[in-house]
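>>> Coordinates only, no sequence provided:
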């Protein structure tokens, strides 16, 4: 099988017809990587809040389907889907309060240039900018940076339609506890229609890549390495005593001297892809070239849209205090993991107060696995990895592959029972509850 990047990119945008509020039936619907074929092909497209409310009132069971970037069945439905991809506008920009309110279907790729043009920025972005705002925050999607929380930490307000069709608004300022419970909502609370995000003055960045960082250096200088920039990512295939690549994204005004060496890693002499053998054509600019935040924080350019990636993804979060031990544990599994892996990425994420966030009240290091499309092998490896990481209280990414059961998840999320109680207030009959939620939260 041809080796393909975990973010195979193309410039072709594949869109569905605008059918609001009519229903479209496709032959089959898959997620972007193609490893999930959803359980129904019936999908409705809303253009307005009124469309959403009418659909919710008239439909007994459904799920909202976003940009299809999840690798598990968190967004799956056996009944019907509702898409808000046509609700993707900026509603308002409050320059005094430094907030922007957007319709939930907007992608970070569309929102970010708008903010920059107006003189503002988001605090961070994920490696792919093509995901929707609502989907990104619902699953606690993240970038990197020891001081940067996940994308959902930028949220200061939500508007959503509950199971009875009623419209609700919550904010960090007025509904703090409920807000913390519902922002990372896992698609369980209702249909998010608007999101208000905190913003900051725009900024410029430079990106540097270093190759072959000795694992011993990373072990001995973990804090210094992961704090070497605004955002730092490590890429490794676990096949040697070195980290393959270190990606450092620094602010333009960062006066750190960028020499040819970084803890014995050598500065790259060309733009790199996370998988060194692949073309860097679609990767964001490196080599210290200055550019706006939204063209440096992601690993991949916004001008290209992900198509089928022929890959599988899993990711686990562990408390920062266990970072070095965790990396050493995975490194010892290198020979077992290597044959089935494209690449791993190691990132840091700051603590937050959002109940269902993997970083709830703990700074974390996240270990991401981009697997070859070999589910038989990967399905056997995941429980082994989870067992090895169990002493470190590892939590899985909600939108990626894992095999932990509901008992384990309940032990990791001390607010999970309270979360379910609050969800049931807005959805007492389980209209938004699919097999994924039943298995992982309710069984």
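Okay, I see it. The structure presented is a predicted model; accordingly, all values stated were derived computationally and were not measured.

>>> What sits closest to residue 46 if chain neighbours are left out?
Nearest residue to residue 46, sequence neighbours excluded (Cβ to Cβ, 6 or more residues apart in numbering): residue 52, at 4.8 Å. All C-beta spots, glycine's among them, are computed from the backbone N, C-alpha and C.

>>> Surely that neighbour and residue 162 touch.
No - under the criterion of Cβ atoms under 8 Å, residue 52 makes no contact with residue 162, lying 11.0 Å away.

>>> So the two - more neighbours on which side?
residue 52 (27 against 19; other Cβ atoms under 10 Å).

>>> For my notes, confirm that one occurs in a strand.
No - per DSSP: H, G, I helix; E, B strand; the rest coil, residue 52 lies outside any strand segment and is helix.

>>> residues in contact with the residue nearest to residue 46?
With contact set as Cβ atoms under 8 Å, 6 or more residues apart in numbering, residue 52 has these partners: 46, 82, 84, 161, 191, 193.

>>> Is it possible to get JSON lines of these that adds secondary structure?
Below are the contacts of residue 52 laid out as JSON lines (three-state DSSP):
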{"residue": "46", "secondary structure": "coil"}
{"residue": "82", "secondary structure": "strand"}
{"residue": "84", "secondary structure": "coil"}
{"residue": "161", "secondary structure": "strand"}
{"residue": "191", "secondary structure": "strand"}
{"residue": "193", "secondary structure": "strand"}
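
>>> Just the buried ones out of the residues you listed, please.
By neighbour count, with 16 or more other Cβ atoms under 10 Å, the contacts of residue 52 hold 46, 82, 84, 161, 191, 193 as buried.

>>> longest single helix anywhere in the chain?
Using DSSP state H, we find that the single longest helix of the chain is helix 375-389.

>>> Any idea how far it is from the middle of the chain?
On the basis of Cα atoms, centre = their mean, to the nearest Å, helix 375-389 sits 21 Å off its chain's mean C-alpha point.

>>> quick one: contacts of it?
Helix 375-389 has contacts (Cβ under 8 Å, 6+ apart) with 35, 312, 314, 316, 318, 326, 329-330, 333, 336-337, 339-340, 369, 371-372, 394, 396, 401-404.

>>> do the same with stretch 329-343
3, 5-6, 215, 235-239, 244, 274-275, 311, 344, 367, 369-372, 374, 377-378, 381, 384-385, 388-389, 392.

>>> if we can go back for a sec, narrow the contacts of helix 375-389 to those that are buried.
Among those, those buried by neighbour count (16+ other Cβ under 10 Å) are 35, 312, 314, 316, 318, 326, 329-330, 337, 340, 369, 371-372, 394, 396, 401-404.

>>> Keep only those of those that are in helices.
Counting by DSSP H, these place 326, 329, 330, 337 in helices.

>>> so where's the chain uncertain?
1-26, 257-259, 305-309 (pLDDT under 70).

>>> Need the residue closest to the centroid of it.
residue 141 (2.5 Å; Cα atoms, centre = their mean).

>>> and the gap between that residue and residue 175?
Using Cβ to Cβ, to the nearest Å, residue 141 is found at 23 Å from residue 175.

>>> which stretches of the stretch 51-200 of the chain form helices?
Along the stretch 51-200 of the chain, counting by DSSP state H, counting those that start in this stretch, helices occupy 108-117, 133-138, 176-182.

>>> Which of these sits closest to residue 288?
helix 108-117 (20.0 Å; Cβ to Cβ).

>>> Show me which positions of that closest one end up buried.
Neighbour counts over helix 108-117 (16+ other Cβ under 10 Å) mark 108, 109, 110, 111, 112, 114, 115, 116 as buried.

>>> just stretch 248-259 next, same as before
Neighbour counts using 16+ other Cβ under 10 Å place 248, 249, 250, 251 of stretch 248-259 among the buried residues.

>>> that older thread, quickly name whichever of the contacts of residue 52 is closest to residue 69.
Nearest to residue 69 among the contacts of residue 52: residue 84, at 14.8 Å, using Cβ to Cβ.

>>> Would you map the strands across the stretch 251-400 of the chain?
Residue ranges of the strands in the stretch 251-400 of the chain, as given by DSSP state E, counting those that start in this stretch, are 261-262, 265-267, 291-292, 305-306, 312-319, 341-349, 364-371, 395-396.

>>> again, but for the stretch 1-150 of the chain
Going by DSSP E, counting those that start in this stretch, the stretch 1-150 of the chain shows strands at 9-10, 23-25, 42-45, 63-64, 81-83, 90-94, 99-103, 120-121.

>>> from the chain's centre, how far out does the fourth one sit?
Translated: strand 63-64. Chain-centre distance of strand 63-64: 18 Å, with Cα atoms, centre = their mean.

>>> can you check stretch 287-301 too?
Offset of stretch 287-301 from its chain centre (Cα atoms, centre = their mean): 18 Å.

>>> What is the end-to-end distance of it?
One end of stretch 287-301 to the other measures 15 Å (Cα to Cα, to the nearest Å).

>>> Contacts for that stretch next, please.
7, 9, 108, 112-113, 115-116, 121-122, 124-129, 143, 202-209, 231, 233, 247, 249, 252, 258, 268, 270-271, 274, 282-285, 302, 306.

>>> ok, now with 6 Å
With contacts defined as Cβ atoms under 6 Å, 6 or more residues apart in numbering, stretch 287-301 is touched by 7, 112, 116, 121, 125, 127-129, 203-208, 249, 252, 282-285.

>>> Show the buried residues in the contacts of stretch 329-343.
Using 16+ other Cβ under 10 Å, the buried ones in those are 5-6, 215, 235-238, 244, 274-275, 311, 344, 367, 369-372, 374, 378, 381, 385, 389, 392.

>>> thinking again about what came up before, would you format the buried residues of stretch 248-259 as a markdown table with distance to residue 354 and secondary structure included?
Shown next, in a markdown table, are these (distance: Cβ to Cβ, whole Å; DSSP: H, G, I helix; E, B strand; the rest coil):
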| residue | distance to residue 354 | secondary structure |
| --- | --- | --- |
| 248 | 27 | strand |
| 249 | 24 | strand |
| 250 | 28 | strand |
| 251 | 26 | strand |
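
>>> Same question for stretch 199-219: list its buried residues.
For stretch 199-219, the neighbour count (16+ other Cβ under 10 Å) marks 199, 202, 205-211, 213, 215, 217-218 as buried.

>>> any idea how far the residue nearest to residue 46 lies from residue 425?
For residue 52 relative to residue 425 (Cβ to Cβ), the value is 19 Å.

>>> Just list the residues touching residue 161, thanks.
Shown in contact with residue 161 (Cβ under 6 Å, 6+ apart): 52, 53, 56, 167, 190, 191.
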